[in-house]
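In: Sharing a model prediction with you, sequence too.
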Amino acid sequence: MNTVSRRQFLKGTGALVVAVVVEGLKGPAAAASLAKLSSLAPRGIDPESVDSWLAVRPDNIVSVFSGKVDLGTGVRTALAQIVAEELDAPFESIDMVMGVTGVTPDQGLTDASVSVQYGAQPLRASAAEARRALLRFGSQHFGLPISQLESVDGYVRVKADPEKRVSYGQLIGDKRLDLSIKILKTPDFLSFTRRAKTDAPLKKPAEYKIVGTSVPRVDIPAKVTGQQYYLHDVRLPGMLHARVLRPRVDAPAKLTALDESAVRGMPGIVKVVRNGSFVGVIAEREFQAIRAVEKLRESAKWQVDTLPAYDHLYDHLEQLPVEKTVSSEGVGNPSVVPEGAVKTLEAEYRNPYQSHGSIGPSCALAQYSGDELTVWAATQSPYPLRAALAVLVGIPPEKIRVVYREGAGCYGQNGQDDVAGDAALLAMAHPGHPIRVQWMREDEFAAEAKYPAMIMNTKGALDDKGNVVLFDFKFRSGPHLARRATSEPQHDGRSSLIAGWYRSRPLSPFWVYGAAFSRTHGLSTDLNPLYTIPNSIFKGVFYKSPLRAGELRAVGDFSDFFAIESFMDELSVAAARDPVDFRLEHLKGHTRRLDVVREAARLAKWTPHVSGENPNGHGRGVALAYHGSYICVIVDADVDRDSGEVHLKKIYAAVDVGLVVNPDGLKNQIEGGIMQAASRSLKEQVMFDSNGITSLDWSTYPIFRFPEVPQIEVAIINRPDLEPAGAGELGSCPVAGAIGNAIYDAVRARVRELPFTPERVKAAMA
Amino acid sequence: MGRHFTLNVNGQRRAVEAEPEEPLLYVLRDDLELNGPKFGCGLAQCGACTVIMDGKAIRSCVTPVAAAAGHDVTTLEGLGSPEAPHPIQQAFIDEQAAQCGYCINGMIMSTKALLDRNPNPSDREIREALAGNLCRCGTHIRILRAVKRAAGNKGEVASA
């Protein structure tokens, strides 16, 4: 879509664009704005044009068009702070439009904790360009040189006489800025974030007034008062309700029997849709759709692939063929035990499949006009989803619009896109009506792409001074990515959408072997250890996962640091050294890593000791991790010797994310990541039998409840001279290792398999 | 084809037509267009659907509409608005006690029911009152602080 027609759209219906993406649609206005959206034919939005990223309206509201979306993490607020700062506009004047194809630029996936570090760059660059231009316009307006003017709070004013001022809106009105930024060509997986630079002056941290402050999140007031905010709250004229019918598996299946007549005559049934093995029911009321699907399930039979035995999962994974190998370059000569090594250790660590566990099962709406398809989805990747939908339903992407609306926290690839695929298929089968598909709790647990089971093997050696002289790390993992980053439809016979696997002419499941280590998704080999060790190698192999596997918060780092940090502690015990000192010894010269470890130790009032030397049931464990930023956590835990129960009392964390945009927002995300990872470490495992997934609700997949949550305290090391790096996933990385280390310290028992159930802790104590 | 029921919701009498066994949650959300109570599980395991009926926190996902007819029902939006938030809602804003916010309806409604019967709960009592409310984003500590703030006590929240 060229910029001129998009601005014409804004001129006429700017308020409606805002209404669509911020407030929700209801009543006659909804139909009008839907028609407006449908009439736009999205062509490419030029990411090098400032007008693609922001527009100043005559009323001085600044519309910002972000390809990154807010998944409930506070990114909307942080990005608005960055634009307001650079533009010298009031924070309240920033109106974030996020994730609407044909309206916002394509920034790929909102993942990898790079929304602030990379995703904000074109917004910031555009704001800087706009501010420079506004001062120029102001200079023309006042007939004064720019040096006598300043930009403040959405106005250009005369320094010597501040009453003389003109608003940005008056200076620009609805005119195009016709300015450019430079999008950087970055040859990595995250190139879709559209990193950018400008030669317009950028503010220095010392000048910041908004960035660096804890601006309250703009979405919280609406959420705590029940305003119409979530995707789940969207109501459209003529909307119908639908539920889908699938077996409790996360794989393709062939429908071999179904008695549709069983639902004939049930009240409110509009249509039973069958498309190959895909089955959905459209009804007037939600409860009618739910009951109809329950009825159909009684007669439905599918052919599904058998799953391996749950009790022998790891044995099964060990013997699967290797599909891909990755390796760091290595340091020194890691294939031999070095001369001078006096002790060697080996250990194997494991984690099971785990679930995203979104509190709100996934939901989507779709409406097909007969020509164009509009889909409302809580998707991390509007443009790639659009491409996947184009392949699914067989219409060109230009005829599809994806509108982002916030769902429940997704933490990666939950059912967000799959449900959109379901809604699209149903909408195509029943044109003219918005079709709302709400996944049930069991649908979400069964079908989502899960965190893959992993096996980590470590081998290490110590010299006579108690230093690590060898660290050999290897993982065996399923894929950590099950959707595409590209916005071009791919016709390779695969689909990232379950609906694609079930429709007639079925497509096979899509995944990528990667992302098992590091923020760059492990597709490069950025696998260098945090510690200075003269001989080291980090490598891994991928297996074809029997369960559907994809991105969950922090990807493979959750497991890798569990293994690495547990093993560092095992080495520290073998060296009879305090685990904090042990780590500091191996971090010499790495200021940021040293500082987070020292700060966590200070916060926790760590007293030096050898782990496990006093196994009185109370323990502390430390762990260091990296995910674009640095974090060190210390866990205080009690272990009950009789039951094996682990009771987390408190978790301390020190984080260094470079420049901090919103300190409280950062703390919120770190606390959340730590808490979620603690729940995963103590409680979580996806269970299954030969027929399918059996962890289908909160009783079969328990997560933390209030009585068991630890206290958490976070200290931030602010480094405004550095780029702001990611925080969303950082808290998930060190926690499992720190808890395992605390357990060892408490009862001198090493548990190497997650979750740390009482049975496992007791077995380790035996 | 349903039956007619009259509900008292947020101080207003509302007429609805539904099957008697239809969960109150869907009637509130779809017929009365309320956003507060949310679908989380449909199994009374997560608390996202919590509303207050006759002063008690109930799970609207397993409460048939027939059982709610004639009773006083309060939903999240019935407590307050962004312009005039209820003190509990304000406490959650002040503590920034939300990430995705999807669970917060249940947290606030459970808190309202708790503080109405126990205006000065201990940390243990708060944790137990909210034991039926799940949060996946890990906002627990802020939620506990918000409840204490709403109770008028800004003291530290102890560990479990």
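Out: Structure received.
In: pLDDT at the closest residue in space to A:Gly74 that isn't next to it in sequence, what is it?
Out: Using C-beta to C-beta, 6 or more residues apart in numbering or on different chains and skipping the chain neighbours, the partner closest in space to A:Gly74 is A:Gly665 (4.3 Å). C-betas here are computed from N, CA, C, even on glycine. As summarised for this prediction, A:Gly665 has a pLDDT of 97.
In: how about A:Ala364, secondary structure?
Out: strand (DSSP: H, G, I helix; E, B strand; the rest coil).
In: got a list of what it touches?
Out: By C-beta atoms under 8 Å, 6 or more residues apart in numbering or on different chains, the residues touching A:Ala364 are A:231, A:375-378, A:416, A:419-420, A:422-423, A:436-437.
In: circling back to that earlier point, just say helix, strand or coil for the residue nearest to A:Gly74.
Out: Using three-state DSSP, the structure places A:Gly665 in helix.
In: so who does it touch?
Out: A:Gly665 is in contact with A:74, A:77-78, A:214, A:217, B:96, counting by C-beta under 8 Å, 6+ apart.
In: returning to that earlier point: adding distance to B:Arg14 and neighbour count, write the contacts of A:Ala364 out as CSV.
Out: CSV is the format used below for the contacts of A:Ala364 (distance: C-beta to C-beta, whole Å; neighbours: other C-beta atoms under 10 Å in any protein chain shown):
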residue, distance to B:Arg14, neighbour count
A:Leu231, 25, 26
A:Val375, 32, 28
A:Trp376, 27, 27
A:Ala377, 31, 30
A:Ala378, 29, 30
A:Gln416, 33, 27
A:Val419, 30, 32
A:Ala420, 32, 31
A:Asp422, 32, 31
A:Ala423, 29, 30
A:Arg436, 22, 28
A:Val437, 27, 28
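In: Just the closest residue of the stretch 51-200 of chain A to chain B, please.
Out: Across the stretch 51-200 of chain A, no residue is closer to chain B than A:Gly72, which sits at 2.8 Å (C-beta to the nearest C-beta).
In: check contacts around that residue.
Out: For A:Gly72, the contact set (C-beta under 8 Å, 6+ apart) comprises A:219, A:406, A:408-409, B:99-102, B:137.
In: which regions of the chain lie under the pLDDT threshold?
Out: Going with chain A. With pLDDT under 70 as the threshold, chain A has low-confidence stretches at A:1-44, A:174, A:515-528.
In: Let me rephrase: I mean chain B.
Out: Applying pLDDT under 70 to the predicted model, the residue ranges of chain B that meet it are B:1, B:153-160.
In: Spit out the contact partners of the spatially most central residue of chain B.
Out: The geometric centre of chain B, computed from its C-alpha atoms, lies nearest to B:Met109 (C-alpha atoms, centre = their mean), at 2.6 Å. Contacts for B:Met109 (C-beta under 8 Å, 6+ apart) come out as B:36-37, B:50-52, B:57, B:74-76.
In: cool, A:Arg217 as well?
Out: By C-beta under 8 Å, 6+ apart, the residues touching A:Arg217 are A:74, A:76-77, A:665, B:96, B:98.
In: at 10 Å instead, please
Out: Neighbour list for A:Arg217: A:70, A:72-78, A:223, A:662, A:664-665, A:668, B:93, B:96, B:98-99, B:101 [criterion: C-beta atoms under 10 Å, 6 or more residues apart in numbering or on different chains].
In: how far does stretch A:186-197 sit from the chain's center?
Out: Relative to the centre of its chain, stretch A:186-197 is centred 17 Å away, using C-alpha atoms, centre = their mean, to the nearest Å.
In: which one in chain A is furthest away from the centre?
Out: Farthest-out residue of chain A from its mean C-alpha position, per C-alpha atoms, centre = their mean: A:Gly143, at 49.5 Å.
In: how much space is there between that residue and A:Val158?
Out: In this structure, A:Gly143 and A:Val158 are separated by 11 Å, where distance is defined by C-beta to C-beta, to the nearest Å.
In: Next secondary structure element downstream of the helix or strand containing A:Gly421?
Out: Secondary structure assigned from DSSP states H and E places A:Gly421 in helix A:416-429. Moving toward the C-terminus from helix A:416-429, the first helix or strand encountered (DSSP H and E) is strand A:435-438.
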